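got a predicted structure here, sequence first:
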Amino acid sequence: MNDLKIFSKENIHNQIKNAQYKNGYFVLNFYIDENNKFSKTSTSKIEKFYLYPTGGTLRDSSFNIVFYDSQFDTYRGFKIPGKE
């Protein structure tokens, strides 16, 4: 079974399906390692991240940009689920 909290583009897509969308962003959760970076395995530390589809950016809890991909950017064609 795929653990949705392990960071990947696929898991961003999967979390979006059920994620809370408010104030223009999705609230997502991913495991982080001891250096506060995305973990490739499950850990005891889970942090909230915020995906802003008007720009395709994923931000950490301090709202620093930690990831960008145009496939999540509404200006590049991304459709917000339930808002098409």
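Great, that's in hand.

mind listing the strands for the protein?
21-22, 25-31, 46-52, 57-59, 65-68 (DSSP state E).

out of these, which comes closest to Ile6?
strand 25-31 (6.1 Å; CB to CB). C-beta: built from backbone N, CA, C; applies to glycine.

name the residues of that closest one that are buried.
For strand 25-31, the neighbour count (16 or more other CB atoms under 10 Å) marks Tyr25, Phe26, Leu28, Phe30, Tyr31 as buried.

mean confidence for that strand?
The average of the pLDDT scores along strand 25-31 is 97.

ok, stretch 12-21 next?
93.

which outside residues touch that stretch?
Contact with stretch 12-21 is made by 2, 4, 26-29, 51, 58, 72, 80-83, as judged by CB atoms under 8 Å, 6 or more residues apart in numbering.

just the buried residues of it, please?
Neighbour-count burial for stretch 12-21 [16+ other CB under 10 Å]: Ile12, Gln15, Ile16, Ala19.

hey, what's Phe38 bridged with?
Beta-bridge pairing of Phe38 under DSSP bridges involves Ile32.
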